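Undergrad: sharing a sequence plus its predicted fold:
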Amino acid sequence: MLSLIEAAGWPIWFLIVTSVAAVALIIERGLALRRAKILPAGLLEELTGLRGAVPVTPELLTRLSASSPLGRVLAAGARHEAGGRARMKEAMEDAGRAVAHDLEKYLSGLGTIATVAPLMGLFGTVVGMIEIFGAQAPGGTNPQQLAHGISVALYNTAFGILIAIPALIAYRHFRARVDGYLAEMEQQALRLVDLVAAEPAPGASGPPADAEVRKPVRRAAPRPAAERAKTSPGASSPTASSPTASSPTA
């Protein structure tokens, strides 16, 4: 191994550091993006069962939020249940953006390594070519310096490609895994919203107040014209309009 590093020259040290960083990131993301840790099985069903059995307290929502990224999204929706469907969706979208940022952590670094590693190998190739041209002298060619320059160029190129290939594969794999997790989280969040919207309001029993049955109003039958005339304000009583009867004369 040491002889290989000596043959590759000093530019190989940059590639060695880059390879160690790539391996560390791949292991860390592989452990952090396990499905059981991101999307625990049956978490939504457990939450809906608890909502029907015990009151949802802030302590319960705090434990749910700390359990997993999916629990963080569901807890954000359950915390704003009283605000209605639109408020729940808005809260879960905000929590989902924060969760997506956490899941994508270090992926940009892994993608950068996959892009930069071949360039670093190319840099080693250029250094090797410089040594090759330096081996040419007016008095002749230095075979040892020429062979060292060729080995520096080839080793750095090969090692840069060797780092870039697994780094790029891991980056694509973890990116697809994160996208799948986020899509499934969105589906479960919408299921929670639908379940909450389908439940009756607390304390509500029977039909709502605006749906009570009203009794039909019966209209009074029209009265005769003579009766209307008697009760009209401008009409005078028959006794007032008739002349006063005179007493009989003796």
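TA: Received the coordinates, thanks. It should be emphasised that the depicted structure is a prediction, and the values quoted were computed from it without experimental measurement.

Undergrad: which elements pack onto the helix ranked longest in the chain?
TA: Secondary structure of the chain per DSSP state H: the longest helix is helix 143-198. Applying 3 or more CB pairs under 8 Å, 6 or more residues apart in numbering; DSSP states H and E, we find helix 143-198 packed against helix 2-8, helix 12-32, helix 43-53, helix 69-79, helix 85-103, helix 107-134. C-betas here are computed from N, CA, C, even on glycine.

Undergrad: try 10 Å
TA: Helices and strands touching helix 143-198, by 3 or more CB pairs under 10 Å, 6 or more residues apart in numbering; DSSP states H and E, are helix 2-8, helix 12-32, helix 35-38, helix 43-53, helix 69-79, helix 85-103, helix 107-134, strand 136-137.

Undergrad: which one of these lies nearest to residue 154?
TA: For the helices and strands packed on helix 143-198, the distance to residue 154 is smallest for helix 107-134, at 7.3 Å, taking CB to CB.

Undergrad: chain center to the closest one: distance?
TA: Computed by CA atoms, centre = their mean, to the nearest Å, the chain-centroid distance of helix 107-134 equals 37 Å.

Undergrad: just the angle between it and helix 143-198, please?
TA: Counting by axes from the mean of the first three to the mean of the last three CA atoms, to 10 degrees, helix 107-134 lies at 170 degrees to helix 143-198.

Undergrad: re earlier: most tightly packed of the helices and strands packed on helix 143-198?
TA: Sort these by mean neighbour count, taking mean count of other CB atoms under 10 Å, and helix 69-79 sits at the top with a mean of 23.

Undergrad: would you mind getting the angle between that one and helix 143-198?
TA: Between helix 69-79 and helix 143-198, the angle comes out at 30 degrees (the same axes, to 10 degrees).

Undergrad: send me helix 69-79 as PDB with only the CA atoms.
TA: C-alpha atoms of helix 69-79 as PDB (Å, rounded to 0.1, in the frame of the first residue of the first chain):
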ATOM      1  CA  PRO A  69     -39.600  12.100  11.000                       C
ATOM      2  CA  LEU A  70     -43.100  10.700  10.200                       C
ATOM      3  CA  GLY A  71     -44.100  11.200  13.800                       C
ATOM      4  CA  ARG A  72     -42.900  14.800  13.500                       C
ATOM      5  CA  VAL A  73     -45.200  15.500  10.600                       C
ATOM      6  CA  LEU A  74     -48.200  13.700  12.100                       C
ATOM      7  CA  ALA A  75     -47.700  15.500  15.400                       C
ATOM      8  CA  ALA A  76     -47.700  18.900  13.600                       C
ATOM      9  CA  GLY A  77     -51.100  18.100  12.100                       C
ATOM     10  CA  ALA A  78     -52.600  16.700  15.300                       C
ATOM     11  CA  ARG A  79     -51.500  19.800  17.200                       C
END
